[in-house]
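> Below is the sequence, then the predicted model.
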Amino acid sequence: MNSRARATPILKKSTPLMKEIALHWMRRDMRLHDNRTLFSALKSGLPVLSAFLFDEEILRRLDNTQDRRVSFIHHRTLALRNEIRGLGGELLVGHGTPREVWASWIQLLASKGFAVKEVHVGRDYEPYAQERDQSLAAWFDEQGVAFRGTKDSVIFEKSEVTKDDGKPYTVFTPYSKKWRKALESKDYDLAPSVEALTQATLIGTSELGDLVPPSLKSMGFEDVWEDGTWMPPITVANRVLRDYGEHRDFPALPGTSRLSMHLRFGTISIREALRQGLKVSEKWTTELIWRDFYQAIVYHFPHSATDSFRPAYDEIPWINDEAQFDAWCQGKTGYPMVDAGMRELLQTGFMHNRVRMVVASFLCKHLLIDWRWGERFFARHLLDFDLASNAGGWQWAAGSGCDAAPYFRVFNPSSQLQKFDKDLIYVRKWVPEYGSSTYPKPIVDHAMARVRAIETYRSVLKPNPA
Ligand SMILES: Cc1cc2nc3c(=O)[nH]c(=O)nc-3n(C[C@H](O)[C@H](O)[C@H](O)COP(=O)(O)OP(=O)(O)OC[C@H]3O[C@@H](n4cnc5c(N)ncnc54)[C@H](O)[C@@H]3O)c2cc1C
């Protein structure tokens, strides 16, 4: 979208008889509780209407009609619509490109006597979202609509945590120290959005009629959660967080929060997670800081979403063997920890963090396959897919990232198995044929692959790997 093209206002002028309203456009904040963006719309003093749009620019890139995330979001919009209706309001749900949908909403609302005065969004730091929002801000301006962004999905954004000279951090440890130093209770206070909702004037079905949201089918997708299991647990027990430091690396244990998808879509608030982390587990809190860190990296270095953070790493002569890539994708490499992880991913849309590190390192270093192939595969399958954390995690494993594992450190998938799943509980769960004659032989020899990876990396990174 070209932000400089002058748009024609959709409506000639709002007439004095039209009632001015504020819209809350939900994106990464798919909840009512502790929602700063919603609260900011409610504070405008205008009657409020919430909205969600299925962005065709994003949907058209999804090649799987059974994409679990689209189903999840669809179920979530219906649930939120019911909740908001219960309070006398409404959730508009649209499908199309953002500009098309907004043009149709502005017209629809005008036909019901409403003039959209303000649109409130939670800020999003990914390159596509940044571009979309800049372009929309200019367009809304043409329409006489104020486009207001609120920080909601992170604790600190943009340049709130920087080095003393104002430059962004590219190394995690000093970033996290500064982050902790900067933290005040106002950064994680609960936004009283639910309370405000119950007191606000909301636009509801009595004004708008019964607007029918788009079905999954009409958008080209199928419901993969017809059985009602679409919402995984949305809380984590303090007990899990207390043992987090000891249990987090063992994939057979329920040792991590499993909240990543909820944090991704904002079905829970990051501030709520942090309040629990601060009370219960310092180690877990650090993981939430990693999340902020990667959001800041993608904001300051948008190229790192698609290219190596350190450009020299884009010169690595990857082998990119498609048959080996297929074996990796299907969990048939002959390395049980790698295979268990990939099968967990295919079957559930989740993979344990320790195993993500092992499979990613295996792809880049043992197979010498471009980290972007793996990153895209994860993007297609992970329920919690988040561009910033995913590209960050992949580049950490490939060595090309801002604060990455050194290129000469090559995880040994067999020692990782010994250390973190020595009783094979995780492996047997996902690779039941392990140990039988049907389990594949290793597609690559570890000792050879390790030396080959180090030599290949060294050949392009000498003398200066930065
Ligand atoms: C190659 C690779 C790809 C990854 N892709 C993603 C991704 O697309 N989306 C994603 O949310 N995480 C990603 N991660 C980070 C991490 O693996 C997941 O956040 C974690 O496994 C989710 O499980 P959990 O909710 O039980 O995490 P917990 O261990 O309970 O951590 C709590 C929360 O902290 C955040 N977090 C934890 N670890 C990290 C991390 N290393 N970087 C950033 N945030 C973190 C997540 O929001 C997580 O839900 C990736 C890691 C690697 C190595």
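Happy to help now that I have it.

> The spatially most central residue of the chain: what's it in contact with?
The centre of the chain sits closest to Asp386, judged by Cα atoms, centre = their mean, with a distance of 2.6 Å. Asp386 sits next to Ser260, Arg264 when contact means Cβ atoms under 8 Å, 6 or more residues apart in numbering. All C-beta spots, glycine's among them, are computed from the backbone N, C-alpha and C.

> Apply 7 Å and report the result again.
Arg264 (Cβ atoms under 7 Å, 6 or more residues apart in numbering).

> Relative to Ala379, how far out is the residue of the stretch 51-200 of the chain found nearest the ligand?
Residue nearest to the ligand within the stretch 51-200 of the chain: Phe172 (9.3 Å; Cβ to the nearest ligand atom). In this view, Phe172 and Ala379 are 22 Å apart by Cβ to Cβ, to the nearest Å.

> what's around whatever residue of the chain ends up closest to the ligand, how many residues?
Across the chain, the shortest distance to the ligand (Cβ to the nearest ligand atom) belongs to Gly393, at 2.4 Å. The number of residues packed around Gly393, counting by other Cβ atoms under 10 Å, is 22.

> okay, now the closest residue to it other than its chain neighbours: neighbour count?
Once flanking residues are discounted, Gly393 sits nearest to Arg356: 6.2 Å by Cβ to Cβ, 6 or more residues apart in numbering. Neighbours of Arg356 under the rule other Cβ under 10 Å: 22.

> Repeat that for the one 10 residues further on.
Applying other Cβ under 10 Å, we find 27 other residues in the vicinity of His366.

> tell me which parts of the stretch 301-450 of the chain are close to the ligand?
353, 356-357, 360, 378, 382, 384-386, 389-390, 392-394, 397 (Cβ under 6 Å from any ligand atom).

> Among those residues, which are located in helices?
Using DSSP state H, the members of these that fall in helices are Asn353, Arg356, Met357, Ala360, Phe378, Ser389, Asn390, Gly392, Gly393, Trp394, Ala397.

> By neighbour count, sort out the buried ones in those residues.
For those, a burial check counting by 16 or more other Cβ atoms under 10 Å picks out Arg356, Met357, Ala360, Phe378, Ser389, Asn390, Gly392, Gly393, Trp394, Ala397.

> Which one of these is nearest to Thr285?
Comparing these against Thr285 with Cβ to Cβ picks out Ser389 as the nearest, at 16.1 Å.

> OK, contacts around that closest one?
Neighbours of Ser389 in contact, by Cβ under 7 Å, 6+ apart: Arg291, Tyr294.

> any idea how far it is from Met18?
43 Å.

> again with Ser104
Ser104 is 17 Å from Met18, by Cβ to Cβ.

> for Val431, same thing?
Going from Val431 to Met18 by Cβ to Cβ gives 62 Å.

> Can you pick out the residue with more neighbours from those two?
Ranked by neighbour count (other Cβ under 10 Å), Val431 and Met18 place Val431 first, with 24 against 17.

> Might you report the residue contacts of the more buried one?
Pro336, Asp339, Ala340, Arg343, Tyr439.

> if we go to 8 Å?
Val431 sits next to Gly331, Pro336, Asp339, Ala340, Arg343, Tyr439 when contact means Cβ under 8 Å, 6+ apart.

> got the contact list for stretch 52-66?
With Cβ under 8 Å, 6+ apart, stretch 52-66 has contacts from 25-27, 30, 70, 73-74, 77, 80, 91-98, 100-102, 128, 132, 214, 219-222, 224, 380.

> Check which residues of whatever helix or strand Leu417 lives in are buried.
Secondary-structure assignment from DSSP states H and E places Leu417 in helix 413-420. Buried residues in helix 413-420, counted by 16+ other Cβ under 10 Å: Pro413, Gln416, Leu417, Phe420.
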